[in-house]
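Undergrad: Okay, predicted coordinates and the sequence, questions at the end:
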Amino acid sequence: MSVQLPEDPVMLLSVINTKLRDYYTDLAGLCEDMRLSRDELCAKLEQIDYKYDKERNQFV
């Protein structure tokens, strides 16, 4: 899957959390399917103080 994701971290947060909620059981599955670097994604969202919560399966 090749998807253009928003550069803006706030917009990225919204897209990623929606995809996690609707389509994926965990972050690893999302990153694998979308061919994303987990480290880069997490670093981008940490810029706005969000971290992945495994139990909630979302960035909080």
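TA: That came in fine, so what should we check first? Residues are numbered from 1 along each chain as shown.

Undergrad: which residues in this structure form helices?
TA: Per DSSP state H, the chain has helices spanning 9-23, 27-34, 38-46. These are given in chain order.

Undergrad: got CSV for those, with mean neighbour count, mean pLDDT and distance to Asn57 too?
TA: Where C-beta positions appear, they are placed from N, C-alpha and C, glycine not excepted. As requested, the helices of the chain are arranged in CSV below (neighbours: other C-beta atoms under 10 Å; pLDDT from 0 to 100; distance: least, C-beta to C-beta, whole Å):
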stretch, mean neighbour count, mean pLDDT, distance to Asn57
helix 9-23, 14, 98, 5
helix 27-34, 15, 97, 8
helix 38-46, 14, 97, 14
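
Undergrad: Same list (those) but as JSON lines, adding distance to Tyr52.
TA: As requested, the helices of the chain are arranged in JSON lines below (distance: least, C-beta to C-beta, whole Å):
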{"stretch": "helix 9-23", "distance to Tyr52": "9"}
{"stretch": "helix 27-34", "distance to Tyr52": "5"}
{"stretch": "helix 38-46", "distance to Tyr52": "6"}
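
Undergrad: how about these, which one is nearest Gln58?
TA: Shortest distance between Gln58 and the helices of the chain, using C-beta to C-beta, is found for helix 9-23: 4.8 Å.

Undergrad: for Ser37, what are its contacts?
TA: For Ser37, the contacting residues are Cys31, by C-beta atoms under 8 Å, 6 or more residues apart in numbering.
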